[in-house]
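> what shape does this take:
(2 chains)
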Protein chains: 2
Amino acid sequence: MRLSRYFMPILKENPKEAEIVSHRLMLRAGMIRQQSQGIYSWLPLGKRILDKVNNIIREEQNRAGAIELSMPTLQSAELWQESGRYDAYGKEMLRIKDRQDRPMLYGPTNEEMVTDIFRSYVKSYKSLPLNLYHIQLKFRDEIRPRFGTMRSREFLMKDAYSFDLTKEDAVHSYNKMFAAYLRTFDRLGLRAIPMRADTGPIGGNHSHEFIILADTGESEVFSHRDFVNFDIPAADIDFDDVADMQAIFDKWTSVYAATSEMHDEAAFDAIPESDRLSARGIEVGHIFYFGTKYSEPMGAKVQGPDGKEHVVHMGSYGIGPTRLVPAIIEASHDENGIIWPASVAPFDVVVINMKAGDAACDAACEKIYAELSNAGKDVLYDDTDDRAGTKFATADLIGVPLQIIAGPRAVASGEVEVKDRKTGARETMTIDAAIKKLAG
Amino acid sequence: MRLSRYFMPILKENPKEAEIVSHRLMLRAGMIRQQSQGIYSWLPLGKRILDKVNNIIREEQNRAGAIELSMPTLQSAELWQESGRYDAYGKEMLRIKDRQDRPMLYGPTNEEMVTDIFRSYVKSYKSLPLNLYHIQLKFRDEIRPRFGTMRSREFLMKDAYSFDLTKEDAVHSYNKMFAAYLRTFDRLGLRAIPMRADTGPIGGNHSHEFIILADTGESEVFSHRDFVNFDIPAADIDFDDVADMQAIFDKWTSVYAATSEMHDEAAFDAIPESDRLSARGIEVGHIFYFGTKYSEPMGAKVQGPDGKEHVVHMGSYGIGPTRLVPAIIEASHDENGIIWPASVAPFDVVVINMKAGDAACDAACEKIYAELSNAGKDVLYDDTDDRAGTKFATADLIGVPLQIIAGPRAVASGEVEVKDRKTGARETMTIDAAIKKLAG
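This next block holds a predicted model:
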């Protein structure tokens, strides 16, 4: 992508409304724009990152056997009256009447709708286990949306829903999602700690939040330090292996971790003081086993191997991509801007032409841009006529992992500089060596 | 994907509510489910096809230089009061009040919001031309939603918006989208005819609808037969070449074509009778040049090369992916079901195990499934214990382009049958030959 033809509106000033660093950097880098209170556009740079986050989530859901569909944003009130949540959900639910005065709502979550889909089609235990997910917009009319897309009203959620014949099977489904979440956050460059959690309006009695430690987090959390060293499940784990999945769950829940709502001070105090971690955290995922809370009132049953009807056991599993993006920034930035993990970086490399219009610089940059693009790399080419200093600041701000800097003096000797955004390390090499290094 | 682990709820009976063939086949193939009037879930099979359609649209938008972002679904009423459309839009606009009683709406289109984004950031003609698009849910509260996702209330739309300094530049932007649309529909296996069209609530004075001919279409259309033979612009056309883009536009508008609203009977009658085409059609795209209709009242201006402020010239360009899917089915099906063009097929091939549980059949199918999957093909493996007849009917119904049929007798001689869904042609070959043929 040539920057001269891209739309990446960089802000020079720190926006006053941004209280936390991720919100500030997302605005400054031209990733998002607030359209109404708590409602954001994702500008092109932000959209690229959000897509990469979504794709990692999707790959790990698919790997764990979940199946993607797409449910609509608007739901009928009737469905929620069946489960009893229509009145219970409160003011966070955006209630709407259509032109025929039918009561509807903008889905804050989809337990009712997916249960309705299930009961319409699935009649036998032979179709189980089943886990259906979508990545879809939700709306929760927060009284105090803030921190940019960290706590917005219209937001994206990946929500998966599992259906099983028995509680034991449902626990296995829960453990599969638990393992998938560990892998997902790890691939996003995050160390997430699963913590026993309150279930809130979703309900149920078995629930974990996945928490990223960050000073700007809204939750107070308490855990053992050992989490930092736990191994992430490998890509080739067998999600069908009940014992293996249980072992992963057991390992990751073997030491203390809880949010403030579930905090047990006595248990925490029993940990040696040097191993206690008391910090603030950002919730980036939340999984629930809630048994028959929805399937019972909504009549979601299957015929079992015994020929009788059984109400299915369900769980739900949420990740917020539009919250993950700022969470990654909170975890990975410096005073100059964002430092993207390679897995979600909007571009693999930015080519900085320090003197656009200079024939040698232009030729060197065009060659690098063409060859790296042909090698399948996502390249941003800063071909604008901005000053070199502005270009360096922009490249650092938007956090692309690698920079190739082509200045007239170096190019005259057939060389460029390659800079690592994270370490700041710079290396001078020939143009061909730079292409070879970065195309790999 | 193993069918035994997939969620593809096939209906055996023809659903009574479906009036047109695409609606009937989408329901029967388990592609969609109506959740409320005119509001649909896309079940896993449908979602796969919709994603492929979206990706083709995206590739062609990007090729033409449009830049993707994502605007939210909910918009503030204030924006629409600025343009004057808030009162004018009528009952199709879903109006909403949030918990603080602020008037909002579910966007039926995004001219206002994108103009607001533009005016917030773009100050100079040097940033032009600019074309921003998103693929986002829209809501239009149709009085009579029908035909499944062909005319639904919540639907997906790709909407692009161009910004230019002058009318001449804007016409070039219009022509680029015109060419991109021709390519898009062609890649979807459709022959779309651009027709002079009424502009409706979007406004402006220069507009074309892209129409697919189909008996079940809602529009009455009139055109010259020559369209059938016009060449589609090649992938390597230069979208920056003003003359080339104008030539494509001129060619495709050189013979008569108009919807009933714009029909000129005298001009039509001047066509030799054997060349007149009077038919029904489905609108699958609509493009508009509307000049300063939004930029003027909303103050979207840039500094020109003359140092003065200029109100920008705009156009908008819509395609409905959730309508394109049924439109493709209307154009491509037979009495047994859907026939997907390869470009949007949910799977490249379906492997039919005629006798699941038979060791030789299982081994042959597993080998084919594994090797084709490793070759990067999307394979659906029907490993269920359904009867062979049911499997054949399902494979034909869902319209996967190629079928590999593994029955006990053929497999005993190391062979399988390869069937072309479209032609019905069957060919017996060795298992390795079938793999080699389909992996290519």
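> could you list the low-pLDDT ranges of the stretch 201-350 of chain A?
A:202-205 (pLDDT under 70).
> that one: strands as residue ranges?
A:206-213, A:219-224, A:257-259, A:276-291, A:301-303, A:309-311, A:313-319, A:333-334, A:337-338, A:349-353 (DSSP state E, counting those that start in this stretch).
> go through the fifth one and flag the buried ones.
If I follow you right, that is strand A:301-303. A:301-302 (16 or more other CB atoms under 10 Å in any protein chain shown). Where you see a C-beta, it was placed from the backbone N, CA and C, and this is true even at glycine.
> report pLDDT for the closest residue to residue A:320 other than its chain neighbours.
Excluding its sequence neighbours, the residue lying closest to residue A:320 (CB to CB, 6 or more residues apart in numbering or on different chains) is residue A:157, at 5.4 Å. What the model reports as pLDDT for residue A:157 is 98.
> what residues are bridge-paired with residue A:157?
Beta-bridge pairing of residue A:157 under DSSP bridges involves residue A:136.
> contacting residues for it?
A:109, A:135-138, A:318-321 (CB atoms under 8 Å, 6 or more residues apart in numbering or on different chains).
> picking that back up, export the strands of the stretch 201-350 of chain A to a markdown table and tack on distance to residue B:81?
Shown next, in a markdown table, are these (distance: least, CB to CB, whole Å):
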| stretch | distance to residue B:81 |
| --- | --- |
| strand A:206-213 | 41 |
| strand A:219-224 | 39 |
| strand A:257-259 | 43 |
| strand A:276-291 | 37 |
| strand A:301-303 | 51 |
| strand A:309-311 | 50 |
| strand A:313-319 | 36 |
| strand A:333-334 | 39 |
| strand A:337-338 | 36 |
| strand A:349-353 | 41 |
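> and those strands: which comes nearest chain B?
The closest of the strands of the stretch 201-350 of chain A to chain B is strand A:301-303. By CB to the nearest CB, the value is 13.4 Å.
> list the contacts of the closest one.
For strand A:301-303, using CB under 8 Å, 6+ apart, the contacting residues are A:119, A:122-125, A:127-128, A:165, A:295, A:309-312.
> same question, stretch A:259-273
Outside stretch A:259-273, the residues that reach it (CB under 8 Å, 6+ apart) are A:195-198, A:209, A:211, A:219-222, A:224, A:255-256, A:258, A:276, A:278, A:281, A:283.
> then stretch A:10-25?
A:27-30, A:34, A:146-148, A:150, A:216, A:325-327, A:329-330, A:333, A:337-338, A:394, A:397-398.
> in helices only, show me those residues.
A:27-28, A:325-327, A:329-330, A:394, A:397-398 (DSSP state H).
> neighbours of the nearest residue to residue A:224 once chain neighbours are set aside, how many?
Excluding the flanking residues, the one nearest residue A:224 by CB to CB, 6+ apart is residue A:255, at 3.7 Å. Neighbour count for residue A:255, taken as other CB atoms under 10 Å in any protein chain shown: 15.
> and for residue A:273?
Considering only other CB under 10 Å, residue A:273 is surrounded by 6 other residues.
> and for residue A:84?
Using other CB under 10 Å, residue A:84 has 14 other residues around it.
> who are the contact partners of it?
residue A:297.
> model confidence for it, exactly?
For residue A:84, pLDDT reads 93.
> likewise the one 5 residues further on?
Reading off the confidence values, residue A:89 has pLDDT 91.
> distance of it relative to chain B?
Taking CB to the nearest CB, to the nearest Å as the measure, residue A:89 and chain B are separated by 12 Å.
> give me the distance between that residue and residue A:78.
14 Å (CB to CB, to the nearest Å).
> who has more neighbours, those two?
Remark: of residue A:89 and residue A:78, residue A:89 carries more neighbours, 17 against 14, as counted by other CB under 10 Å.
> now do the helix or strand where residue A:418 lies: which elements does it pack against?
Assigned by DSSP states H and E, residue A:418 belongs to strand A:415-420. Under the contact criterion of 3 or more CB pairs under 8 Å, 6 or more residues apart in numbering or on different chains; DSSP states H and E, strand A:415-420 touches strand A:402-406, strand A:426-430, helix A:431-439.
> now do it and strand A:426-430, the angle between them.
For strand A:415-420 against strand A:426-430, the angle by axes from the mean of the first three to the mean of the last three CA atoms, to 10 degrees is 150 degrees.
> spit out the contact partners of residue A:299.
By CB under 8 Å, 6+ apart, the neighbours of residue A:299 are residue A:119.
> give me the phi and psi for it.
phi 70, psi 40 (degrees, to the nearest 10).
> just the buried ones from the contacts of stretch A:259-273, in ChimeraX syntax?
The command below creates a ChimeraX selection of those among the contacts of stretch A:259-273 that count as buried (16+ other CB under 10 Å):
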select /A:195,196,197,209,211,219,221,222,224,256,258,276,281,283
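> spit out the contact partners of the closest residue to residue A:114 other than its chain neighbours.
Spatially, and ignoring its direct neighbours in sequence, residue A:114 is nearest to residue A:161 (4.4 Å; CB to CB, 6+ apart). Counting by CB under 8 Å, 6+ apart, residue A:161 touches A:110-111, A:114-115, A:118, A:131-133, A:314-317.
> which residue does the stretch 51-200 of chain A have closest to chain B?
For the stretch 51-200 of chain A, CB to the nearest CB, closest residue to chain B: residue A:121, 3.8 Å.
> how deep is that residue tucked in, by neighbour count?
16.
> tally up the residues packed near the closest residue to it other than its chain neighbours, please.
Counting by CB to CB, 6+ apart, the nearest residue to residue A:121 once its immediate chain neighbours are dropped is residue B:9, at 3.8 Å. Residue B:9: 21 surrounding residues under other CB under 10 Å.
> let me see the domain layout of chain A.
Split into domains by the TED database, chain A comes to A:3-338, A:349-439.
> nearest to residue B:72, of these?
domain A:3-338 (4.8 Å; CB to CB).
> what distance separates the closest one from the centre of its chain?
9 Å (CA atoms, centre = their mean, to the nearest Å).
> just to revisit the earlier point, name the helix or strand for the residue nearest to residue A:121, please.
Counting by DSSP H and E, residue B:9 is part of no helix or strand.
> leaving out the residues flanking it, which one is nearest to residue A:357?
residue A:385 (6.7 Å).
> next up, phi/psi of the one you found, please.
Torsion angles, degrees, to the nearest 10, at residue A:385: phi -100, psi 20.
> hang on, it packs against residue A:356?
Yes: if you go by CB atoms under 8 Å, residue A:385 and residue A:356 touch, sitting 5.1 Å apart.
> re the thing from before, so how far is chain B from the residue nearest to residue A:224?
34 Å.
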